Every structure is written in C-alpha cells, then in structure tokens.
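Enquirer: Sharing a model prediction with you, sequence too.
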Amino acid sequence: MLTEILIGATVYIVTGYTDMRKGIDGLAQIVEGTIGKDVYSKAVYLFCGRNNTKMKALVWDGDGFLLLYKRLDNGRYRWPRTECEAKQLTSQQLRWLMEGLEIEQKKAIKPGQRKCLY
C-alpha cells in the first residue's frame, strides 16, 4: 500500500535521524521549520529513526494529513544520514529505498550529458 501511494507523487526523503515518537504535528514542524518545505504541498515526506527498521510518511491529501507507518520484519532501510536536509527522490531511487538499497547507487548508469559530436 505504501509503495502505491508513493509512486507518481513528489517524494522527499528527510535525511538524518527522526524521533519516531513524533506524530503528525511534530513531523509537520520538521518539514516546515527544519527543511523549509511546504507541508501542504502535494508531496510525500519520508522519515526514519535510528534503527533503520521503521519509516513514517506524511502526506497532505487536500482535507487532512495522512500518517503512514511501516516497520520491517526482516532487513533495514539504507537511509542517508546528512542532517537537516530533504532530497527529492526519483521513482527509481524510491524503488531502491523500498528494496533496502542505497538511493545513490555507485554502479548505476548516470544520465548522459550533451557533448560536442565529431
């Protein structure tokens, strides 16, 4: 269900550690105060705690907030830990995250750049 909500939406991963005891109001304060994004935009904000087995997603759906919580039974999320930052994820990066992989794959083929052809 979580993946279905996230696919096709603008998804931001909130890097660093988040206190997973926070609810909607606390996570909304992080979005607006710490990372400077509009919590009422049509975006999904992902948060992760210290042990990397739990993730929360905060979504404004037009008439209220939706808070999703997922706990992995086997495995851990590979969460970037740069403090106080939000990164917009591509659909590929979201798939990698949900599969337990790094969002920045070292061996992934990077998009090409225009060059002068001879």
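Expert: Thanks, I have the structure now. Owing to the predicted nature of the structure, the values given are computational and were not obtained by experimental measurement. Numbering: from 1, shown residues only.

Enquirer: switch to C-alpha atoms for all contacts and neighbour counts from now on
Expert: Fine.

Enquirer: quick one: Phe47 from Ala28, how far?
Expert: Applying C-alpha to C-alpha, to the nearest Å, the value for Phe47 to Ala28 is 11 Å.

Enquirer: Looking at those two, which is more packed in?
Expert: Each of Phe47 and Ala28 has its neighbours counted (other C-alpha atoms under 10 Å); Phe47 has more, 24 against 21.

Enquirer: List the residues that contact that one.
Expert: Going by C-alpha atoms under 8 Å, 6 or more residues apart in numbering, Phe47 touches Ile13, Val14, Thr15, Tyr17, Thr18, Met55, Lys56, Ala57.

Enquirer: what are the pairing partners of whichever helix or strand it is part of, and which direction each?
Expert: Under the criterion DSSP states H and E, the helix or strand holding Phe47 is strand 43-48. Using DSSP bridges, strand 43-48 pairs in its sheet with strand 10-14 (parallel), strand 54-60 (antiparallel).
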